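> model the following, please.
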Amino acid sequence: MEKASPGIDALILLMAMALTAACLAWPSLSPTIVLGASDRSLEQLVVEGERLWTQSPDPSNPVACATCHCDPAMTRGWAASFPKFKPLPPPHARVMTLLQANAEAVERHYRLADPLPAATAITAFLTARAAGTPISPGISAGQPVFAARMQALAGSVLRGKHLYTGRCGHCHQSFDLAPSATAFPRAEGGRPASLELFLEGHRPLQPPLAWDGQATADIMAYLMSQAAGRPIGHHTYQASTEGKEGS
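As a prediction, the model looks like this:
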């Protein structure tokens, strides 16, 4: 393996310093919302995500996300730890956003033709569960840190910085925009919205970005590196409800 440059080492150290220690309890939610409700709000999206997390949409498949991932303390830190490197079977191992990782798992385990709606709801649920947890890309409290994975994430951040400068930097300062990026997922016009889909449809005169692609994960890795140490919290709900920040 090539020796990391001083800049990469510094970035890895910065990420490690953002290791989360906060763990807040999330109240039980009533799993009554049906996918596709027209009057969906963020709170309803979170409820829907909890239902999909705890109950498979396929009656013939009783295995749900919570069947294996049943430790609340572990899952509470997931949202704050993304984007991060996911060690999937080759050639699929790469840095992913939380939505991308959820979509891959939903498609593989729930076998849904379109995994995006369910993955967006699950992402909203996990993000709400992480309320108050400092953003720490690549690092989850109580979980081991692998240098190779952090180096892969650092490379993603550097690629994302380059992409952001070329696509977004002339209008948006990354340090100012990064906190607003945590205002996703949210509900807009009764429909779930994600930052990944926002990036896919933004800047229509430039080559489009796929919501589930590496370039999108790289841009989000860069933005989250700028927001490292900031807590996931009330501003997420406020931005989602008012629909003003992060747009």
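> next, the buried residues of the top helix by length along the chain.
In terms of residue count, the longest helix belonging to the chain (DSSP state H) is helix 147-167. Residues of helix 147-167 classed as buried by neighbour count (16 or more other C-beta atoms under 10 Å): 149-161, 163-164, 167. Every C-beta, even on glycine, is put in place using the N, C-alpha and C of the backbone.
> mean confidence for that helix?
For helix 147-167, mean pLDDT is 95.
> would you state the helices of the protein in chain order?
6-17, 42-54, 65-68, 72-75, 98-105, 116-129, 147-167, 174-181, 195-201, 214-226, 234-242.
> need the ones you listed in a markdown table (columns: distance to residue 88).
Shown next, in a markdown table, are the helices of the chain (distance: least, C-beta to C-beta, whole Å):
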| stretch | distance to residue 88 |
| --- | --- |
| helix 6-17 | 21 |
| helix 42-54 | 20 |
| helix 65-68 | 16 |
| helix 72-75 | 19 |
| helix 98-105 | 7 |
| helix 116-129 | 15 |
| helix 147-167 | 12 |
| helix 174-181 | 24 |
| helix 195-201 | 18 |
| helix 214-226 | 13 |
| helix 234-242 | 28 |
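> which among the ones you listed is found nearest to residue 187?
Nearest to residue 187 among these is helix 42-54; the distance by C-beta to C-beta comes to 5.0 Å.
> which strands and helices sit next to that closest one?
Of the remaining helices and strands, those touching helix 42-54 by 3 or more C-beta pairs under 8 Å, 6 or more residues apart in numbering; DSSP states H and E are helix 65-68, helix 116-129, strand 186-188, helix 234-242.
> go ahead and flag the most central residue of this protein.
residue 98 (3.1 Å; C-alpha atoms, centre = their mean).
> thought that one was touching residue 124?
No - between residue 98 and residue 124 there is no contact under C-beta atoms under 8 Å: 10.1 Å.
> ok, now how distant is the residue nearest to the centre of the chain from residue 81?
Distance of residue 98 to residue 81, computed by C-beta to C-beta, to the nearest Å: 8 Å.
> repeat for residue 122
Residue 122 is 15 Å from residue 81, by C-beta to C-beta.
> how about residue 156?
Taking C-beta to C-beta, one finds residue 156 at 14 Å from residue 81.
> now do residue 135
Taking C-beta to C-beta, one finds residue 135 at 9 Å from residue 81.
> and those two? which has more neighbours close in?
Comparing residue 135 with residue 81 by other C-beta atoms under 10 Å, the one with more neighbours is residue 135, at 26 against 23.
> correct me, but that one touches residue 224?
Yes - when contacts are counted by C-beta under 8 Å, residue 135 is listed as touching residue 224 (5.9 Å).
> residues in contact with residue 199?
By C-beta atoms under 8 Å, 6 or more residues apart in numbering, the contact set of residue 199 is 209, 211, 216, 219, 220.
> let's see that with 10 Å instead.
Residue 199 makes contact with 163, 167-168, 181, 208-211, 213, 215-216, 219-220, 223 under the criterion C-beta atoms under 10 Å, 6 or more residues apart in numbering.
> how about residue 116?
99, 102, 103, 106, 107, 192, 194, 196, 197, 211, 212.
> distance of the fifth one relative to residue 152?
Note on residue 107: its distance to residue 152, by C-beta to C-beta, is 22 Å.
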